[in-house]
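Asks: predicted model, plus sequence, below.
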Amino acid sequence: MTFENNFINHSKEYIFLDNETLLNQREETFKKIFQKNYDKKNNESLKNITITDLSKFEYFYKPKKEDSTISLIDNFNYEIRVVNGICKNYEDDNIEIRNLTNLDFKKFLNQNNNYLDDIIIDFNKIFLNSGFIFNIKSNSKLKIRLIHSTSDNFTIFQNNFVNFKKNCDVQLEHYFNFTHNSINNINYNINVEEGSVIKHNIFENFSNTNKLYLTSNTVCEKSSSYNQNTYNFSEGFVRNFHHALLNGEFANATLKGCFFLKNKNVCSNKTNIIHNAEHCSSDQTYKGILNDHSKANYYSNTFVHENAQKTEGYQLSKGILLTDNCSFFSKPELKIFADDVKCSHGSTIGPVDESALYYLRSRGISKNEAMKMIISSFIEEDLQNLDIDGAKIISNNLSDYLSSLVDD
Amino acid sequence: MIFLNINNLNVSIEGKKILNDFNITINEGEVHAIMGPNGCGKSTLANVLAGNEDYEVNSGKVIFKDENLLDLNIEERAQKGLFLAFQYPVEIPGVNITPFLQASINSKLKNHQKPELDNLSFAKLLRKNAEELGISSDMLKRSINTGFSGGEKKRYEILQMSILNPELSIFDETDSGLDVDALRIVTEGINKFKDPKKSFLIITHYQKLLDYIHPDYVHVMRDGQIVKSGDISLATEIEASGYKNF
């Protein structure tokens, strides 16, 4: 279906049906895209993204609330299943989660994420059909497993609000396991309040008939720490855009990712960190292994405001190309307006280190096994953040990926 | 059994001829040293024997334990009992020493249709051999050669040799970058490993290493071939007057 028809038929779905201001905003955004009033050519973050894929799709959204579940594994350990964009409403002493309703329109009116200037977010605004508010209460020490899944050919345009209140210590294990032919444009607005420490591990693994456009916009308050690690083993298209704003002094944000591509798979990555307070630190590191005819891009940006003295900001991208037919485009960018900062960026992309391969083989290890050792070693340090369950998942996914590369 | 026989070996890299009708025979239990000026082809010889695919063998034969070595790939040569101690051991961050060495020994044992070592048996073997070489257990937790000093890297090469138990060990300028103490430790490791079933090919520039190892034969190499063979006195002659007489 054309973009225009989709807009006419589906831009007023489910939530905020009656809010004229929001509907006007949608209309304006629609016009901007429809009239091609955006710059794709000079926007590296839209590399490998086909706009027609975003605009021409078969809209389908008929969720059933009863599919979603929430289980309390123990007092500090939750499993929340968000099925087709819908979660189960729930509250206890530690958390509160509920689906958005029409009454939540103020959240959207107040939402100021125009500075992200991203066409994926624009599509999310236009076709928004689901979302939830998830509050983690002060001083909670929790492990939360949050699972997104689909049960049909859904087109999900979701906007979620996660608020970690003061002094939380949370490990959020975030899974995206889609089936059928789903399109998932999911936006997370995350607020990390003073003193909270958040480990956010994102596992993306689904078949090539599904697409995920995942955006996160995190605000870190004073002395908070937000540590995000994204692991993408998907055969389907993934676009990761993760943004963090360091808004209080002594805050820290880490946006890291690993992706493993094969066949003709495409993965687009963008991270962006804004330093807006003194004594903050950030790290943006993405690593990828590419095989066959796969393609990836990574665009990273550190912006240091003039008031953000004593900033430490690092960026790195690394890629291993296993064939001559795959490609990885990487562009780090720094914009620094303070004069007392430590910032760096780097990028290395190339084939497997032949001298390392030779060394391992000279000790009797087969070429395939040596290749697997080198590739595993490439992400070894990125597994440190995971607990045993997470490490097991990555280890199994990596093993599947490696076994598809080479046959002994 | 022919242990190692290299016959009229010609090797080039990127069209440039490096080994030129090279010949040598090494029998079981013998220690041979090859000396020669920079660029004469010593390291090329070591790498060609180990199977480095950057080099092109134009003609010639290499028989190792009655088999045509040139028909085997890099790992098959190692599994057959050939070991190269690298001049510049490669750093491989993230690949831990212990599982790597266990995989190495087990691939060899598997190839010889012998039972593989379980974790416990391997840990015992590794600890024992490491202690003998003065290698701390902390070092065994690290990634291959990563952050090692020059001496540590060479000691770790000797440790690998002692675990893999090869019949032919080739040392490519093992003495380069080593101070006197490190050289003594490394050569003691080699000497401990000597026995009548094991052979060595030592490539070096200097007599000092050979004073510790006591080779049975010393060869002088120039322009890709051996130009003179003799005993340790040849090394003394080179030390005194260089390579100009060869």
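Replies: Good, I have the coordinates.
Asks: what ranges does the chain have for its helices?
Replies: You didn't say which chain, so I picked chain A. A:3-10, A:20-34, A:51-55, A:105-110, A:119-127, A:354-361, A:367-379, A:388-405 (DSSP state H).
Asks: correction: the question concerned chain B.
Replies: B:42-50, B:74-80, B:97-111, B:119-132, B:150-164, B:180-193, B:207-213, B:232-241.
Asks: in TSV, list the ones you listed along with distance to residue A:373.
Replies: C-beta: built from backbone N, CA, C; applies to glycine. Output for the helices of chain B, formatted as TSV (distance: least, Cβ to Cβ, whole Å):
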stretch	distance to residue A:373
helix B:42-50	18
helix B:74-80	13
helix B:97-111	7
helix B:119-132	17
helix B:150-164	15
helix B:180-193	25
helix B:207-213	32
helix B:232-241	39
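Asks: in terms of mean pLDDT, which of those helices ranks lowest?
Replies: Lowest mean pLDDT within the helices of chain B: helix B:180-193, at a mean of 84.
Asks: quickly list what the residue nearest to the spatial centre of chain B is bridged to.
Replies: Against the mean C-alpha coordinate of chain B, by Cα atoms, centre = their mean, the closest residue is residue B:170 at 2.1 Å. Listed by DSSP bridges, the beta-bridge partners for residue B:170 are residue B:84, residue B:201.
Asks: so it touches residue B:199, yeah?
Replies: No: applying Cβ atoms under 8 Å as the test, residue B:170 and residue B:199 come out as separate, 9.6 Å apart.
Asks: out of the helices of chain A, nearest to chain B?
Replies: Of all those, helix A:367-379 sits nearest to chain B, with 2.7 Å by Cβ to the nearest Cβ.
Asks: what lies in contact with the closest one?
Replies: A:258, A:287, A:289, A:318, A:320, A:352-353, A:356-357, A:360-361, A:365, A:394, A:398, A:402, A:405-408, B:73-75, B:92-95, B:100, B:103, B:107, B:143 (Cβ atoms under 8 Å, 6 or more residues apart in numbering or on different chains).
Asks: and the residues you listed, which of them are buried?
Replies: A:258, A:287, A:289, A:318, A:320, A:352, A:356-357, A:360-361, A:365, A:394, A:398, A:402, A:405, B:74-75, B:92, B:94-95, B:100, B:103, B:107, B:143 (16 or more other Cβ atoms under 10 Å in any protein chain shown).
Asks: and the residue of chain B found nearest chain A, how far from residue B:145?
Replies: Closest to chain A within chain B is residue B:94: 2.7 Å, counting by Cβ to the nearest Cβ. According to Cβ to Cβ, to the nearest Å, residue B:94 stands 12 Å off from residue B:145.
Asks: residue B:192 touches residue B:132, doesn't it?
Replies: Yes: the criterion here is Cβ under 8 Å, and residue B:192 meets it with residue B:132 at 7.0 Å.
Asks: mutual contacts of the two, please.
Replies: Common neighbours of residue B:192 and residue B:132 (Cβ under 8 Å, 6+ apart) are residue B:162.
Asks: circling back: overlap in contacts, residue B:94 and residue B:145.
Replies: With Cβ under 8 Å, 6+ apart, residue B:94 and residue B:145 have no common neighbours.
Asks: could you point out which of the helices of chain B sits nearest residue A:340?
Replies: Taking Cβ to Cβ, helix B:150-164 is the member of those nearest to residue A:340, at 38.5 Å.
Asks: who does that closest one touch, helix- and strand-wise?
Replies: Applying 3 or more Cβ pairs under 8 Å, 6 or more residues apart in numbering or on different chains; DSSP states H and E, one finds that helix B:150-164 contacts strand B:82-85, helix B:97-111, helix B:119-132, helix B:180-193.
Asks: what helices or strands is the shortest one leaning on?
Replies: The elements that strand B:82-85 packs onto, with contact taken as 3+ Cβ pairs under 8 Å, 6+ apart, are helix B:42-50, helix B:150-164, strand B:168-172.
Asks: count of neighbours near the closest residue to residue B:115 other than its chain neighbours?
Replies: The spatially closest residue to residue B:115, leaving aside those adjacent along the chain, is residue B:109, at 6.8 Å (Cβ to Cβ, 6 or more residues apart in numbering or on different chains). Residue B:109 has 15 neighbours, counted by other Cβ atoms under 10 Å in any protein chain shown.
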